[in-house]
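*Asks:* Sequence and predicted structure, then a few things I'm wondering about:
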Amino acid sequence: MPIFGEIFISEIIKKPVLDIRGEEIGILRDLVIIKGDTLPVVDSLIVSEKKRKLRIPWDAVSIFNRRIIATNVEKKDIPSYEVSDEDLLAVRDILDKQIVDATGAKVVRVNDIKLEGYGGRAVLVAIDAGVRGILRRFGIERQGSELLKLLKVSLPYNLISWNYIQPLEPKLKTISLKVTREMVASLHPADIAEIISSVSRDEGESLFRDLDVKTAAETLSELEPDVQSRIIEEMDSDRASTIIGEMPPDEAADLLSDLPAEKMQEILDRIDKEDAEDIQELLEHEEDTAGGLMTNEFLAYPPDTRVGEAIERFKEDAKEIETIYYIYVIDDEEVLKGVLSLRELLLAEPDKRLSEIMVTNLKTVCPEDDESVVAAAISKYNLVAIPVVDSDGVLLGIVTVDDIIDRILPPKAKRKRKKV
């Protein structure tokens, strides 16, 4: 077996390669990698000799370790190598590239690649994403480790097994940690969005395509406006409408407002009629107003509804709504009459009517009110949501505290909603 022990690619690149006579063939520049039964294997060595490159098949390698790389053929018998994009090369295509660390929900850099011998072949077993990999490439790993020991600090290993790595593109030119549906489900949508925003455009879109509808909708809400619109614009309208149909109406309206009018209408035509009407209603308002911030998803019951009945209805109605903080009480004309918290509802006697326990000293805003007015009202009265009513007192929607936080924090990209 030509490989002994573990080797990092930084320890062998630029090492001389000897032929069967002990003469130097050239300098090792790269390794051609192919898919193996369990792990990727080294198919051949790419050696540079003056201005040309040679390709040495693995079967011709007799010694392969960090000190000596030798072959069992003569230099004159080694074929030239023509650079090909179809090949996966360890240095060109993997080293220094970024991959997704799903467990840590971040993007890490490949600082080194670990090889081991298996079944007479050299296989890729892990990538080094830590400081050790960087120091090793500069040839000062041991010195760095000893220096840190004097400071009573250990230099950690950050090896990621190749079992968790997969190509993101057919030609194997980019790689990513395996992000199975189960793994993605365990990540917060904001973390998935950060990953998509950190990798290349093609990688991000490939990762997004693999998400289930619910996860895709939640992740889309966390992406920056320009990334959102780009992904949806390039997506089939049927798939896009399915995802957007899963989003809260206010977030769907924000996203659709950034799309070309034709694409926006295509998607609206494919969304459930009732959902489409909710979205179009929100699109009529400027985004930096209460009407633009509000969602028209909320729970409201008539005043004569008994507490026990309201609780039973809540169990069913709440399944379709993203966030619920209060129960609103409205009359037959949808005029807001009162409000009560979920705590108040659960602690009340089952036979009491909502009109008997609701709060009537209402704090509301108008759809035209500026976002700063809404933020001030929520802060002043310690609310987690505030109703938006028209001049007749009709309940149009609610603005939640998380929507206000998103607005008052410095945005990376300010969206201007287009009216329809």
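*Replies:* On my side now, so go ahead.

*Asks:* Any idea how far stretch 375-385 is from the middle of the chain?
*Replies:* When C-alpha coordinates are averaged (C-alpha atoms, centre = their mean, to the nearest Å), stretch 375-385 and its chain have centres 31 Å apart.

*Asks:* and if you look at stretch 187-203?
*Replies:* On C-alpha atoms, centre = their mean, the centre of stretch 187-203 falls 3 Å from the chain's centre.

*Asks:* what pLDDT, on average, does it get?
*Replies:* Rounded to a whole number, the mean pLDDT of stretch 187-203 is 78.

*Asks:* Please write out the alpha-carbon positions of that stretch in PDB.
*Replies:* Included here for stretch 187-203 are C-alpha records, laid out as PDB according to Å, rounded to 0.1, in the frame of the first residue of the first chain:
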ATOM      1  CA  LEU A 187     -32.200  24.800  12.000                       C
ATOM      2  CA  HIS A 188     -33.900  28.100  12.600                       C
ATOM      3  CA  PRO A 189     -35.000  29.700   9.300                       C
ATOM      4  CA  ALA A 190     -32.800  32.700  10.100                       C
ATOM      5  CA  ASP A 191     -29.800  30.400  10.200                       C
ATOM      6  CA  ILE A 192     -30.800  28.800   6.900                       C
ATOM      7  CA  ALA A 193     -31.200  32.300   5.400                       C
ATOM      8  CA  GLU A 194     -27.800  33.300   6.700                       C
ATOM      9  CA  ILE A 195     -26.200  30.200   5.000                       C
ATOM     10  CA  ILE A 196     -28.000  31.000   1.700                       C
ATOM     11  CA  SER A 197     -26.700  34.600   1.900                       C
ATOM     12  CA  SER A 198     -23.200  33.500   2.600                       C
ATOM     13  CA  VAL A 199     -22.600  31.100  -0.200                       C
ATOM     14  CA  SER A 200     -22.500  31.800  -3.900                       C
ATOM     15  CA  ARG A 201     -25.700  32.600  -5.800                       C
ATOM     16  CA  ASP A 202     -25.900  29.100  -7.400                       C
ATOM     17  CA  GLU A 203     -25.200  27.300  -4.200                       C
END
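
*Asks:* Okay, now the unreliable bits of the stretch 51-200 of the chain?
*Replies:* Segments of the stretch 51-200 of the chain classed as low confidence (criterion: pLDDT under 70) are 100-107, 163-186.

*Asks:* residue ranges for the strands of it, please.
*Replies:* 52-57, 61-64, 69-71, 88-89, 98-101, 106-109, 112-118, 121-128, 159-161, 165-167, 175-177 (DSSP state E, counting those that start in this stretch).

*Asks:* Can you pull the phi/psi pair for Thr289?
*Replies:* With angles defined as degrees, to the nearest 10, Thr289 sits at phi -120, psi 170.

*Asks:* Can you list the strands that the helix or strand where Tyr328 lies pairs with?
*Replies:* Here Tyr328 is covered by strand 326-330, with elements defined by DSSP states H and E. Listed by DSSP bridges, the sheet partners of strand 326-330 and their directions read strand 300-301 (parallel), strand 336-341 (antiparallel).

*Asks:* Any chance of a markdown table for these, columns mean pLDDT?
*Replies:* Converted to a markdown table, the strands paired with strand 326-330 look like this (pLDDT from 0 to 100):
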| stretch | mean pLDDT |
| --- | --- |
| strand 300-301 | 96 |
| strand 336-341 | 96 |
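
*Asks:* Those into CSV, with extra columns for distance to Tyr381 and mean neighbour count?
*Replies:* Where C-beta positions appear, they are placed from N, C-alpha and C, glycine not excepted. Formatted as CSV, the strands paired with strand 326-330 follow (distance: least, C-beta to C-beta, whole Å; neighbours: other C-beta atoms under 10 Å):
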stretch, distance to Tyr381, mean neighbour count
strand 300-301, 20, 20
strand 336-341, 12, 19
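
*Asks:* Which one of those strands lies nearest to Ala190?
*Replies:* The minimum distance between Ala190 and the strands paired with strand 326-330 falls on strand 336-341, with 27.0 Å, by C-beta to C-beta.

*Asks:* So which residues make contact with the closest one?
*Replies:* Residues outside strand 336-341 that contact it (C-beta atoms under 8 Å, 6 or more residues apart in numbering): 303, 325-331, 354-355, 357-360, 362, 364, 387, 389, 393-395.
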